[in-house]
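>>> How does the following fold in three dimensions:
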Amino acid sequence: MKLNMVAAALAAALVSGATLACTTVLVGSEATSDGSVFIARSVDSSALNPSLLIMHPAAVNKTGAVYRGSDNSKKETFEYPLPKKSLGYSTGPDWDSMRYGGCGFNDAGLGVSATESIYARDDVLKLDPHTKLGIKERDITDVILAQAKTAREAVKLLGRIVETQGAGESFGAGFVDKNEAWYFEAGSGHQWLAQRLPKDKYFATGNQGRLQSYDPKNPDFMASKTLVSWAQEHGFYDPAKDGPLTLPRPTSVTMSATSRTTTPASGRFRRCSHRH
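The predicted structure follows:
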């Protein structure tokens, strides 16, 4: 019954015109009838641009082999070292470009949903801009699924990449294994926040940053090492006045171009799930 309620709510949200935005949903094990953990996402793409299912076999890589974000060898792009042995995994890229493999699973049972675009405030990006050669949402599945074995390990790896090489854009990504689900948000060039989904909860978001009330002492959170100090240094956070830290959000003006599609999508899901 629990799973049917969530499924009905998800279907009601995704068939509406409000879902021109990508909409990600995570469901905890105690919110499903059989104890399964789910992540899912609708894609803001035309039916004329379907996704493919690509299987990447496990491989032994040459010393110095790297993943590249572009097939053009002359183009500067994000690069990341491949492990000595890559896990086998699946991705679902666009059929025409063979890029944006936005979801998949690997041989270890780790699942990823990775192309939830989000938006950062202009004043945040002036201080911590996206990096030209940083990781982008289209790179996440290939990099993470080739080597991470659990959702927690995936969050740590992606966070380390954002901190050291930067993010080329702001994005959200969901990770799931047999035990738990995590949601990750890159809020600027080098700052990020992730939260483990409580077992008895669900989470829905559409092209907006959602994570808030960060508690560094809570094991259900992970974040960039300098997130709190950086936010304090630049006037985005005052612990005496603000309480738990929430990533700076775009203003309503900044989000006006997307608010018609993103807010109704996740809001409709919440209303439908509460109604059933």
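>>> So, low pLDDT: which residues of the protein?
The chain contains residues with pLDDT under 70 at 1-21, 247-276.
>>> ok, residue 166 to residue 49 distance?
29 Å (CB to CB, to the nearest Å). In short, each C-beta sits where N, CA and C put it, glycine included.
>>> the more surrounded of those two?
Counted by other CB atoms under 10 Å, residue 166 and residue 49 do not tie: residue 166 has more neighbours, with 20 against 12.
>>> residues contacting that one?
130, 131, 133, 134, 135, 189, 190 (CB atoms under 8 Å, 6 or more residues apart in numbering).
>>> Name the residues linked to the fifth one by a beta bridge.
Each beta-bridge partner of residue 135 is listed here: residue 167, as defined by DSSP bridges.
>>> thought it was touching residue 143?
Yes: the pair residue 135 / residue 143 is scored as a contact, 7.0 Å apart, by CB atoms under 8 Å.
>>> joint contacts of the two?
Joint contacts of residue 135 and residue 143 (CB under 8 Å, 6+ apart) are 80, 158, 161.
>>> Please list the members of the residues you listed that lie in helices.
Of those, the ones assigned to helices by DSSP state H are 158, 161.
>>> Please identify, among the shared contacts of residue 135 and residue 143, the one with the most neighbours.
With neighbours taken as other CB under 10 Å, the top of these is residue 158, carrying 28 neighbours.
>>> Now do the contacts for that residue.
135, 140, 143, 144, 173, 184, 192.
>>> of all these, which comes closest to residue 86?
Nearest to residue 86 among the contacts of residue 158: residue 143, at 10.3 Å, using CB to CB.
>>> helices or strands up against the strand or helix carrying that closest one?
Following DSSP states H and E, one finds residue 143 within helix 140-145. Packing contacts for helix 140-145, counted by 3 or more CB pairs under 8 Å, 6 or more residues apart in numbering; DSSP states H and E, involve strand 89-91, strand 103-105, strand 111-117, helix 151-165, strand 171-176.
>>> Report the distance from it to the chain centre.
Offset of helix 140-145 from its chain centre (CA atoms, centre = their mean, to the nearest Å): 12 Å.
>>> got the contact list for that helix?
Helix 140-145 is touched from outside by 56, 67, 80, 87, 89-91, 101-106, 110, 112, 114-115, 135, 154, 157-158, 161, 171, 173, 175, with contacts defined as CB under 8 Å, 6+ apart.
>>> before we move on, what about stretch 80-96?
Applying CB under 8 Å, 6+ apart, the external contacts of stretch 80-96 come out as 45, 49-61, 64-67, 99-108, 135, 139, 141-143, 145-147, 149, 161, 165.
>>> still on that earlier bit, pull the CA atoms of the helix holding residue 143 into PDB?
The C-alpha atoms that make up helix 140-145 are tabulated as PDB, following Å, rounded to 0.1, in the frame of the first residue of the first chain:
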ATOM      1  CA  ILE A 140      28.700  11.700 -13.300                       C
ATOM      2  CA  THR A 141      27.400   8.300 -14.200                       C
ATOM      3  CA  ASP A 142      30.500   7.300 -16.200                       C
ATOM      4  CA  VAL A 143      32.900   8.500 -13.500                       C
ATOM      5  CA  ILE A 144      31.000   7.200 -10.400                       C
ATOM      6  CA  LEU A 145      29.600   3.900 -11.600                       C
END
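>>> ok so, going back, can you list the helices and strands packed on helix 140-145 in JSON lines and add distance to residue 220?
What follows is the helices and strands packed on helix 140-145, written out as JSON lines (distance: least, CB to CB, whole Å):
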{"stretch": "strand 89-91", "distance to residue 220": "26"}
{"stretch": "strand 103-105", "distance to residue 220": "23"}
{"stretch": "strand 111-117", "distance to residue 220": "19"}
{"stretch": "helix 151-165", "distance to residue 220": "11"}
{"stretch": "strand 171-176", "distance to residue 220": "14"}
